[in-house]
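J.: Sequence isn't available, so here's the structure alone:
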């Protein structure tokens, strides 16, 4: 084991691939395989703490994240291997009914996870430009499966009274959950080993949640290790009692799905009162991440805090900014700004102190990824990152981000410290700017528009965008959609609950709201062209540097927002989308069509003290 670690460590320090290839070719040799690849059962419990090689990397329970050792990244000292007949009890999972595995790999370090992934033959080692990166193929599930997500309706409970039941939060019965839970437990009891991760969701200690994952494979622990907040040391996990547990039996399916009244043999089922979820039949890593986000969207509003599907960054003057948007709109790309520090790329909270990250890492799309267009993300693909469903080419297995044969939803997950200028506290003050990102498939919206507070409420509730190919099962080309609060798929409460929280924040902190379109220009999808990253970045830069307030504005007669007359490095015709269409009459027809879609969608939200429909488009 120590020899293998030394070889891997020396290779990755130098960025050399030869030693790693040799290590892979050797199958990690017998000392590693004896603890990873061979199933054995022992009657004696043994706990082997991982050696501590260098500085820790991320603090749980605290607002500060750790100093990073750039030579050896990602090692932290909370790892242990637990063996013996009572290994499950020692790992804290026997109370779930899981007692079969005699070896538990708990909170493995990145280096150890790499060794396990290779020894278990769970994927391939991609030779990316900035470092060798483990790559997995998640089979036919290359995106979330929203029709297979269910929440237990415990009649008379707090969750029953508050959850917005319907097509997003599909109800199932406690009896179905109990059967599935038993199936998951029985499956794990047939295994000789399992992977357990104890971590945290939420950088603010006041609302932080303790999360436990039980997985079958090392790469799944690698994924949640990337994405959630990691403990510094084993001492940070003393007395760890999870607020929620996810049992991921992805290799198992629900053969009784029709009797259970489910959609397919795939099942992702949450029981809020029992503080547990089970996953069957899908290997897609994002189900782990987004499931917990849905729960944060339930828990935080109960405390008066605002959970958000957005990325966030902060400038040198402490000016934070939020980027709301669905997958594929540019949340991750635009928040990774070389001139600003990254707070996080996807999930955040906003409380009385400011904004804070939920996660410990990033989950970026890799389609057409280049160092020129997205340097921070491109350079984050290295040791400790993990690629999902990315094509590899040649004998050297080099990532090919332009090959979308498998999916357009290729991904890379990486710990946040892979971004050189990430914001160590993972918390910042109240935002100065709020940017709503839309990927407009009709080619109607301008690349940038200034919103009044009332218009901000209207567009937040509307959440117009296009679902981009691959992010969900069945999406093969951009499809126009309205996703309330720019994250309807993850809202456990009614959208107006979140809108009221935003309204309160806007009134108290006077943030300026903007709409930025990263979609099509010059015509709809199939005719026009998608906005270049350069154009969208120039618009965002002009917002964040404050210079945009000095420009002249033109009011749009249909949507009512204001459009700047000029922005450096942006074609003035692009700023006014009607000018980019070959036939202005066709643009007018498309604008009217989209405006009608907005109006019709908003009918269901015309409730409450203020009818925000009056701040939408005028026909």
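T.: The structure has been received and is ready for your questions. These figures come from a predicted structure and were not determined experimentally. Numbering: from 1, shown residues only.

J.: Low-confidence regions, this structure specifically.
T.: Residue ranges of the chain with pLDDT under 70: 1-76, 468-478, 608.

J.: Which helix runs longest in it?
T.: Secondary structure assigned by DSSP state H gives helix 584-602 as the longest helix of the chain.

J.: which other helices and strands contact that one?
T.: If you count contacts as 3 or more Cβ pairs under 8 Å, 6 or more residues apart in numbering; DSSP states H and E, helix 584-602 packs onto helix 453-462, strand 464-467, strand 479-482. Quick note: C-beta positions are derived from backbone N, CA and C, even for glycine.

J.: out of the ones you listed, nearest to residue 157?
T.: helix 453-462 (27.3 Å; Cβ to Cβ).

J.: now that closest one against helix 584-602, angle please.
T.: Following axes from the mean of the first three to the mean of the last three Cα atoms, to 10 degrees, one obtains 80 degrees for the angle between helix 453-462 and helix 584-602.

J.: sorry, back to before: ok, residues contacting the longest helix of the chain?
T.: In this structure, residues lying in contact with helix 584-602 by Cβ atoms under 8 Å, 6 or more residues apart in numbering are 440, 442-445, 458, 461-462, 464, 480, 482, 523-524, 558-559, 577-578, 581, 612-613, 616-619.

J.: Show me which parts of it are buried, residue by residue.
T.: Within helix 584-602, the residues that count as buried by 16 or more other Cβ atoms under 10 Å are 587, 590-591, 594-595, 597-598, 601-602.

J.: Then stretch 510-530?
T.: Counting neighbours by 16+ other Cβ under 10 Å, one finds that the buried residues in stretch 510-530 are 511-525, 528, 530.

J.: before we move on, what about stretch 130-147?
T.: Those would be 131-138, 141-146, for stretch 130-147 by 16+ other Cβ under 10 Å.

J.: So how do I select the buried members of the contacts of helix 584-602 in PyMOL?
T.: If you want just the buried ones from those in PyMOL, going by 16+ other Cβ under 10 Å, the selection is:
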select buried, resi 440+442+443+444+445+458+461+462+464+480+523+524+558+559+577+581+612+613+616+617
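
J.: Among the buried residues of stretch 510-530, which are located in helices?
T.: Among the buried residues of stretch 510-530, no member falls in helices (DSSP H).

J.: how about residue 290, what does it touch?
T.: Residue 290 makes contact with 144, 489-490, according to Cβ under 8 Å, 6+ apart.

J.: Go ahead and list the helix or strand containing it.
T.: Using DSSP states H and E, residue 290 falls within helix 286-302.

J.: list the buried ones in that helix?
T.: For helix 286-302, by 16+ other Cβ under 10 Å, it's 286-301.

J.: Provide the strand pairings for the following helix or strand past it, with the direction of each partner.
T.: Sequence-wise, the next helix or strand downstream of helix 286-302 (DSSP H and E) is strand 306-314. The sheet places strand 306-314 alongside strand 320-324 (antiparallel), strand 341-344 (antiparallel), strand 347-350 (antiparallel), with pairing taken from DSSP bridges.

J.: In TSV: the helices and strands packed on helix 584-602, plus distance to residue 243.
T.: Formatted as TSV, the helices and strands packed on helix 584-602 follow (distance: least, Cβ to Cβ, whole Å):
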stretch	distance to residue 243
helix 453-462	28
strand 464-467	31
strand 479-482	32
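
J.: Out of those, flag the one nearest residue 84.
T.: strand 464-467 (48.2 Å).

J.: now the closest one, how far from the chain's geometric center?
T.: Chain-centre distance of strand 464-467: 17 Å, with Cα atoms, centre = their mean, to the nearest Å.

J.: list the buried ones in that strand?
T.: In strand 464-467, counting by 16+ other Cβ under 10 Å, buried: 464-467.

J.: Okay, now the sheet partners of it, with direction.
T.: Strand pairing (DSSP bridges) places strand 464-467 next to strand 479-482 (antiparallel).

J.: Mind checking what helix or strand follows the partner strand in sequence?
T.: Sequence order places helix 495-509 as the next helix or strand after strand 479-482, per DSSP H and E.

J.: Please spell out which residues along that next one are buried.
T.: With the criterion 16+ other Cβ under 10 Å, helix 495-509 contains buried residues 495-503, 505-506.

J.: What is the nearest of the residues you listed to residue 124?
T.: For the buried residues of helix 495-509, the closest approach to residue 124 (Cβ to Cβ) belongs to residue 498, at 40.8 Å.

J.: ok, now which ones touch the residue lying closest to the closest one once chain neighbours are set aside?
T.: Distance criterion Cβ to Cβ, 6 or more residues apart in numbering; nearest residue to residue 498, sequence neighbours excluded, is residue 485 at 4.8 Å. Going by Cβ under 8 Å, 6+ apart, residue 485 touches 309, 324, 460-461, 463, 491, 495, 498-499.
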